[in-house]
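Engineer: model this:
(4 chains)
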Protein chains: 2
Amino acid sequence: MADPTPRATTLRDVAAQARVSLATASKALNDRGDVAPATRDRVRAAADALGFTPNHVARGLLAGRSGTVGLLTSDLEGRFVIPILMGAEDAFGAGQVNVFLCDARGDAIREQHHLQALLSRRVDGIIVVGRQTDQRPSLGQDLPVPVVYAYAPSDDPHDLSLTPDNYSGGRLAIEHLLSIGRTRIAHVSGDPAYAAAQDRLAGARAALDHAGLALVGDPMFASWTEHWGRDATRALLERHPDIDAVFAGSDQIARGVLDAVHATGRRVPDDVAVIGYDNWEALATGSTPEITSIDAGLQNLGRQAAQRVFDAIDGVDTGEGTHHLPVRLVIRGSTIARR
Amino acid sequence: MADPTPRATTLRDVAAQARVSLATASKALNDRGDVAPATRDRVRAAADALGFTPNHVARGLLAGRSGTVGLLTSDLEGRFVIPILMGAEDAFGAGQVNVFLCDARGDAIREQHHLQALLSRRVDGIIVVGRQTDQRPSLGQDLPVPVVYAYAPSDDPHDLSLTPDNYSGGRLAIEHLLSIGRTRIAHVSGDPAYAAAQDRLAGARAALDHAGLALVGDPMFASWTEHWGRDATRALLERHPDIDAVFAGSDQIARGVLDAVHATGRRVPDDVAVIGYDNWEALATGSTPEITSIDAGLQNLGRQAAQRVFDAIDGVDTGEGTHHLPVRLVIRGSTIARR
DNA sequence: CTGTTAGCGCATTCAC
DNA sequence: GTGAATGCGCTAACAG
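Structural biologist: You can find the predicted model right below:
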């Protein structure tokens, strides 16, 4: 363990060592104003010798900007939050900005507490990352810093929200199945209370409609688990043995679907094509065949959110309302056989 | 989007509104010194009315402590980092501390860059979270703040490192298999270059030794994937059809093992028991049967790391060297059949 | 070119 | 009890 508190060297120390004034030292180190090359070098040398690290906090106090951003999430565990967080960290990390991470554990009280903490730290902006694509309560309009909502949109249309386009995702999935000649398509999804489940279904139906088709049987809803995928598919194949494709509401469900289809002796994708959702690599690429899926582009979503916060901080009008970001089809062996 | 920069209200505003001096306002709000109850209430009221949020930054500048901690990770994507991060955030979040999250993306340059940023933000301490349990380069001894290494231990024995006890994990896994009467046990693991793979194997061998047994065949190493688990197990069952248990180096591998075992018509756990590692819920509880696994207690590890940083900040001697934290067996259907 | 002065927002002496 | 003064570390005006 390092020796505690050797007391960090300050600009004053550097100035003294270089035998110049505080101001000159400051200018020399920041290339501000005109400083004689000789003295500039002397100051630099002194700073190096003393291992000087400028105090960003003091600088922020003066500038009125902390150069920090708060990331307020409700569910770190959730695997949707992480890519978004990465994208944001990525966009910020490139510059002079650092990220405060706060996990409210889905608790409103805790969230309010963290919000206060972030404000007292004088963050320049806040990104709120939800765990579902359902609407979440707004933090309010009277905050002293710009706020962007990612994944879970705010319920206040005056806020700026970025969320993946689940409707298009559903459409894309079906269009892909149609494009490989499938027409008897069933849908097994997760918890029907999720906006994600409903939006994807709506997109799917629109695509089928457009082709003059309809889902085989009713869409099956329960939970976002492999077990449900298996159970649902077993029942499905009994009632509708003639289906030639299943659109699964998540990759976990798709894994279950795959299992159940295989268990009946059918082949994937030859007899039944399967498409999942989320493009969760560990799951989608672990099965045989690997699972075609819809990627919500979460890392990009995080980057975009960060960019919007940047812009807002710089006074750029970033608009309002909920923006639906594009999703992407990732084709694997469960819909198109590989050599 | 909120109105930009209404300029946060300061203590001066509150003091003016309450018609007292700055000093009195400060005391009133912090219960410091003797303030007349009447004026105290007046100040409080003014603060409320103006929506005053004390500037934690300015306070930190004065106190010489920022009340922040840096979390330096090399791989946010990795699922081992997240629980640790949660544990740390948990331990810190309870108090007055906020966490700066930095992801170096496994790049040393980037890491150095982030380290400088954290120091310039005057964090009170740093937790370094690695992505593997292999040793990683030390940040050095001459840092002005305490550093604790989590998951990946530092290569400098003078640093304090917290890492899961993989050796005990391997032992635990085998002891469990022995306890359910298995004696012909094989081992399928991941990349042999990982310390985790070697440590778990060593623990497993120790337990077998102690029982006067040995692994069936050579341990099989390649990658931490389902595909490898399947391929390895197929080969394994051909060469050693009499095995009654497989210790898989990860839950992903265990999933593959399960598949391959089932494919030969054997039943799990009746014919072959399977135990995984990591207790990755999504994977371990998605299969049939669900997978018994070793949980590394990462969230606890994160909490401990945070606690150590706390202690070190408070001047408590937190010791040095690498500490191996206990792991836990989580029993599921792949080793003991459920009704 | 360099140094002096004045704060950023706050908590802490110390007089009154 | 209260308030004026001092300073945390730094930068932005100025004056020299």
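
Engineer: quick one, what contacts the closest residue to DNA strand D within the stretch 1-150 of chain A?
Structural biologist: Closest contact between the stretch 1-150 of chain A and DNA strand D, by Cβ to the nearest atom of the strand, is at A:Leu11 (2.8 Å). The C-beta positions use only the backbone N, C-alpha and C, and glycine is treated the same way. By Cβ atoms under 8 Å, 6 or more residues apart in numbering or on different chains, the contact set of A:Leu11 is A:Leu22, A:Ala25, A:Ser26, A:Leu29, A:Phe52, A:Pro54, A:Asn55.

Engineer: Same question for A:His56.
Structural biologist: By Cβ under 8 Å, 6+ apart, A:His56 lies in contact with A:Gly67, B:Ala117, B:Ser120, B:Arg121, B:Arg122.

Engineer: just to revisit the earlier point, could I get the contacts of A:Leu11 as TSV with distance to DNA strand C, secondary structure and pLDDT?
Structural biologist: Below are these laid out as TSV (distance: Cβ to the nearest atom of the strand, whole Å; DSSP: H, G, I helix; E, B strand; the rest coil; pLDDT from 0 to 100):
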residue	distance to DNA strand C	secondary structure	pLDDT
A:Leu22	5	helix	91
A:Ala25	8	helix	92
A:Ser26	8	helix	92
A:Leu29	12	helix	92
A:Phe52	17	coil	91
A:Pro54	13	coil	93
A:Asn55	11	coil	94
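
Engineer: which of the residues you listed are close to DNA strand D?
Structural biologist: With Cβ under 7 Å from any atom of the strand as the criterion, those include A:Leu22, A:Ser26, A:Leu29, A:Phe52, A:Pro54, A:Asn55 near DNA strand D.

Engineer: Let's have these in a markdown table, adding neighbour count.
Structural biologist: Converted to a markdown table, the ones next to DNA strand D among the contacts of A:Leu11 look like this (neighbours: other Cβ atoms under 10 Å in any protein chain shown):
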| residue | neighbour count |
| --- | --- |
| A:Leu22 | 13 |
| A:Ser26 | 19 |
| A:Leu29 | 19 |
| A:Phe52 | 20 |
| A:Pro54 | 17 |
| A:Asn55 | 18 |
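
Engineer: And those, which is closest to A:Ala91?
Structural biologist: The closest of these to A:Ala91 turns out to be A:Pro54 (Cβ to Cβ; 23.5 Å).

Engineer: so that closest one makes contact with A:Ala28?
Structural biologist: No: A:Pro54 is beyond contact range of A:Ala28, at 12.0 Å (criterion: Cβ atoms under 8 Å).

Engineer: hmm, back to that, give me the buried entries from the contacts of A:His56.
Structural biologist: Neighbour-count burial (16 or more other Cβ atoms under 10 Å in any protein chain shown) applied to the contacts of A:His56 gives A:Gly67, B:Ala117, B:Ser120, B:Arg121, B:Arg122.

Engineer: These in strands, which ones?
Structural biologist: Judged by DSSP state E, the buried ones among the contacts of A:His56 include no members of strands.

Engineer: List the ones among these that fall in helices.
Structural biologist: Counting by DSSP state H, the buried ones among the contacts of A:His56 place B:Ala117, B:Ser120 in helices.

Engineer: closest to B:Gly87 among the buried ones among the contacts of A:His56?
Structural biologist: Nearest to B:Gly87 among the buried ones among the contacts of A:His56 is B:Arg121, at 22.2 Å by Cβ to Cβ.

Engineer: Quick one: residues contacting the closest one.
Structural biologist: Contact analysis of B:Arg121 by Cβ under 8 Å, 6+ apart lists A:His56, A:Val57, A:Thr68, A:Asn98, B:Ser66, B:Thr68, B:Gly70, B:Phe100.

Engineer: Of these, which fall within the contact range of DNA strand C?
Structural biologist: Among the contacts of B:Arg121, no residue is within reach of DNA strand C (Cβ under 7 Å from any atom of the strand).

Engineer: Burial check on the nearest residue to A:Ala196 once chain neighbours are set aside, number of neighbours?
Structural biologist: Leaving out its chain neighbours, the residue that sits closest to A:Ala196 by Cβ to Cβ, 6 or more residues apart in numbering or on different chains is A:Thr133, at 4.7 Å. Using other Cβ atoms under 10 Å in any protein chain shown, A:Thr133 has 24 neighbouring residues.

Engineer: Equivalent analysis for the one 3 residues further on, please.
Structural biologist: Applying the criterion other Cβ under 10 Å, we find 21 residues in the vicinity of A:Arg136.

Engineer: hang on, it packs against A:Glu111?
Structural biologist: No: A:Arg136 is beyond contact range of A:Glu111, at 9.7 Å (criterion: Cβ under 8 Å).
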